[in-house]
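In: need coordinates for the following:
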Amino acid sequence: DWNKTLTEARVLKKLSDDCAVSYQVTSDGGGGMVSARDFVYASKKGYEGEIFVMGGKSVEYKDAPSPSKIVRAVNGAGCQMVTPRAEDENTCQFLWLMDCDYKGWMPQSVLDIAMPIAQTQFIDCVRKLAEKLKEEGKF
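Out: As a prediction, this is how the structure comes out:
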């Protein structure tokens, strides 16, 4: 609900408190230049001291929805890290390493435009979620 870059996101199998297999469907991106994609993604999350780390990659999972009209994209190994900044308690550093094969027929020049737009939209969603949670006293 908070992430407007996705139209669907659900856990297919919880492997442990820190590991899960999920299914996600993206919104159309790049002002309509890129059609929706879906992913089946295994991830692990945790903390290294104060740093939140989540990593994962696409997997084959027998109980995942079958690809339909949506192209199934594949994420190689990737990672997101959120590091508090000592100089300002209201900010953090967000590092996102992504290796994605979007599959389908799409020129690289279109991806070069659409991906930064989608990533910026995601960051805007994270900022709005953080503001909401802070107002609710959750941190």
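In: tell me the centre residue of the chain?
Out: Phe122 (7.9 Å; Cα atoms, centre = their mean).
In: three-state assignment of that residue?
Out: Look at Phe122: counting by DSSP: H, G, I helix; E, B strand; the rest coil, its state is helix.
In: per-residue confidence for the nearest residue to it once chain neighbours are set aside?
Out: Once flanking residues are discounted, Phe122 sits nearest to Thr5: 4.9 Å by Cβ to Cβ, 6 or more residues apart in numbering. Where C-beta positions appear, they are placed from N, C-alpha and C, glycine not excepted. Looking at Thr5, its pLDDT reads 92.
In: same thing with Gly31?
Out: pLDDT, Gly31: 68.
In: what's whichever strand or helix holds Phe52 packed up against?
Out: Using DSSP states H and E, Phe52 sits within strand 51-58. Judged by 3 or more Cβ pairs under 8 Å, 6 or more residues apart in numbering; DSSP states H and E, strand 51-58 is in contact with strand 37-48, strand 74-75, strand 78-84.
In: still on that earlier bit, how many other residues sit next to the residue nearest to Phe122?
Out: 18 (other Cβ atoms under 10 Å).
In: distance to Glu136 and mean pLDDT added to the helices and strands packed on strand 51-58, as CSV?
Out: CSV is the format used below for these (distance: least, Cβ to Cβ, whole Å; pLDDT from 0 to 100):
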stretch, distance to Glu136, mean pLDDT
strand 37-48, 21, 97
strand 74-75, 31, 96
strand 78-84, 19, 96
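In: redo those strands as a markdown table? Include distance to Lys57.
Out: As requested, the helices and strands packed on strand 51-58 are arranged in a markdown table below (distance: least, Cβ to Cβ, whole Å):
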| stretch | distance to Lys57 |
| --- | --- |
| strand 37-48 | 6 |
| strand 74-75 | 6 |
| strand 78-84 | 7 |
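In: looking at these, which is closest to Ser66?
Out: Of all the helices and strands packed on strand 51-58, strand 37-48 sits nearest to Ser66, with 10.1 Å by Cβ to Cβ.
In: helices and strands around that closest one, which ones?
Out: Counting by 3+ Cβ pairs under 8 Å, 6+ apart, strand 37-48 packs on strand 19-26, strand 51-58, strand 71-72, strand 74-75.
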